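Asks: Next one to model:
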Amino acid sequence: MRLFGALILFCVFIANVFLGATGGSQFLGDVAEMLVLMGTAVMFVVAILKSEADAKKDANSA
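Replies: Just a heads-up that it's a prediction; the model follows:
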């Protein structure tokens with residue numbers, strides 16, 4: 001679920017950059033764009049750490 005959230009946020013970021021690059025109007029400002037990208041990175045790191053913790057837990061219980 002966290003990886004899906006990171007993917008959604010990253011798609012929002014990419015859509016904003018694409019619109020700005022093609023001459024359209026961006027729907028996010030500079031600060032909002034930074035916050036979306038930071039949220040993407042945080043969600044991705046949390047998902048990876050959770051996955052590692054689950055794998056370690058499964059390895060210890062087996």
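
Asks: okay, and for this structure, where does confidence drop off?
Replies: 62 (pLDDT under 70).

Asks: Could you pick out the longest helix of it?
Replies: The longest helix of the chain (DSSP state H) is helix 30-61.

Asks: Secondary structure element holding the closest residue to residue 25 other than its chain neighbours?
Replies: Nearest residue to residue 25 in three dimensions, chain neighbours excluded: residue 19, at 6.8 Å (Cβ to Cβ, 6 or more residues apart in numbering). The way it works is simple: take the backbone N, C-alpha and C, and place the C-beta from them, glycine included. Per DSSP states H and E, residue 19 falls inside helix 2-21.

Asks: tell me which strands and helices that helix is in contact with?
Replies: helix 30-61 (3 or more Cβ pairs under 8 Å, 6 or more residues apart in numbering; DSSP states H and E).

Asks: which helices and strands sit right next to the helix it packs on?
Replies: In terms of contacts (3+ Cβ pairs under 8 Å, 6+ apart), helix 30-61 is packed against helix 2-21.
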